[in-house]
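Trainee: What would the 3D arrangement of this be:
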Amino acid sequence: MRFEGKVAIVTGAGSGIGRATARRLASEGAKVCLVDVNEAGLTDSLPDGDHMTLSCDVSDEAQVEAMVKTVADKWGRLDAVANNAGVSRGYQPIMDNDFDDWALVLGVNLTGVARVLKHASRVMVEQKSGAIVNTASVAGIRSGAGGNAYSASKAGVISLTQTAACDLGGFGVRVNAVCPGLIETGMTKRVFDYARENDKEHKLGSRCELRRYGRPEEIAAAIAFLASDDASYITGQALPVDGGNTASLNLPGMKV
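Mentor: Reported below is the predicted structural model:
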């Protein structure tokens with residue numbers, strides 16, 4: 001019950017890592033606001049407690065500001081944020097880059113994270129405490145895990161995590177990031193469907209040191225740790241949760 005009596009916001013809570021994170025925080029006692037642009041995807045199937053759902057597009061600052069205010073007005077504080085909302089537009093070689101897609105991906109994945117950071121941190125600075133965990137990706141660390149726009153957005157999230165941690169550390173507010181590897185979610189459904197339809201499921205995660213792909217609950221566990229007091233002396237860090245994918249070169253053919 002590390003979050004008993006605490007208030008949390010989880011963006012992108014309509015599916016995948018966001019939904020698993022909301023459930024994890026609620027299971028540890030948090031009052032959780034589940035946020036997603038698609039309110040129909042939000043679930044209230046959480047452990048008993050005081051929870052709420054809100055529709056919010058993180059690419060719209062007015063909506064983000066109103067969302068944070070609603071939570072702070074309802075519960076009087078804000079202790080943890082899982083800044084998880086994100087999109088992917090697939091892979092496009094740089095010479096074929098569609099800059100409408102580029103603007104959309106960076107507008108949600110990077111600028112959206114910055115918007116939530118801005119407004120959530122104002123509440124936390126005032127109360128002199130809080131923890132924000134941004135969802136980056138191994139795609140932000142090295143190539144081969146996402147397209148140009150997606151990878152650039154996630155690299156930006158890692159850098160933003162570091163600079164925001166420096167801005168907010170003096171106020172007792174921590175900012176960290178998780179960098180998931182290959183996780184089975186709605187965003188990666190196409191990859192998993194293709195592998196299963198073509199008898200290649202055994203190859204999913206084969207380039208990771210643990211030789212498997214991950215589950216949303218495993219990322220949620222890392223987010224819960226970084227948002228909890230167990231991580232009270234950790235800030236400005238980007239934690240890969242990737243089965244060891246970024247621990248080696250991972251070149252094709254290197255692993256049996």
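
Trainee: all contacts plus neighbour counts: C-alpha atoms, from now on.
Mentor: Noted.

Trainee: Identify the residues contacting Ser27.
Mentor: Listed by Cα atoms under 8 Å, 6 or more residues apart in numbering, the contact partners of Ser27 are 1, 46-47.

Trainee: actually Asn84, not the one I typed
Mentor: If a contact means Cα under 8 Å, 6+ apart, then Asn84 has 10-13, 17-18, 113, 134-135 as its contacts.

Trainee: mind redoing it with 7 Å?
Mentor: Asn84 makes contacts with 10-12, 18, 134-135, as judged by Cα atoms under 7 Å, 6 or more residues apart in numbering.

Trainee: Ok, Asn245 next?
Mentor: Applying Cα under 7 Å, 6+ apart, we find Asn245 in contact with 207-209.

Trainee: Do you know the pLDDT at Ala177?
Mentor: We note a pLDDT of 98 for Ala177 in this prediction.

Trainee: Please read the previous query as pertaining to Gln92.
Mentor: pLDDT recorded at Gln92 is 81.

Trainee: tally of neighbours for it?
Mentor: 14 (other Cα atoms under 10 Å).

Trainee: Next: the one 4 residues further on.
Mentor: Look at Asp96: counted by other Cα under 10 Å, it has 8 neighbours.

Trainee: cool, Asp101 as well?
Mentor: Neighbour tally, Asp101, other Cα under 10 Å: 16.

Trainee: For it, give me phi and psi.
Mentor: Here is the backbone geometry of Asp101 (degrees, to the nearest 10): phi -60, psi -40.

Trainee: what's the nearest residue to it if we skip its chain neighbours?
Mentor: Sequence neighbours aside, Arg89 is the residue nearest to Asp101 in space, at 6.6 Å (criterion: Cα to Cα, 6 or more residues apart in numbering).
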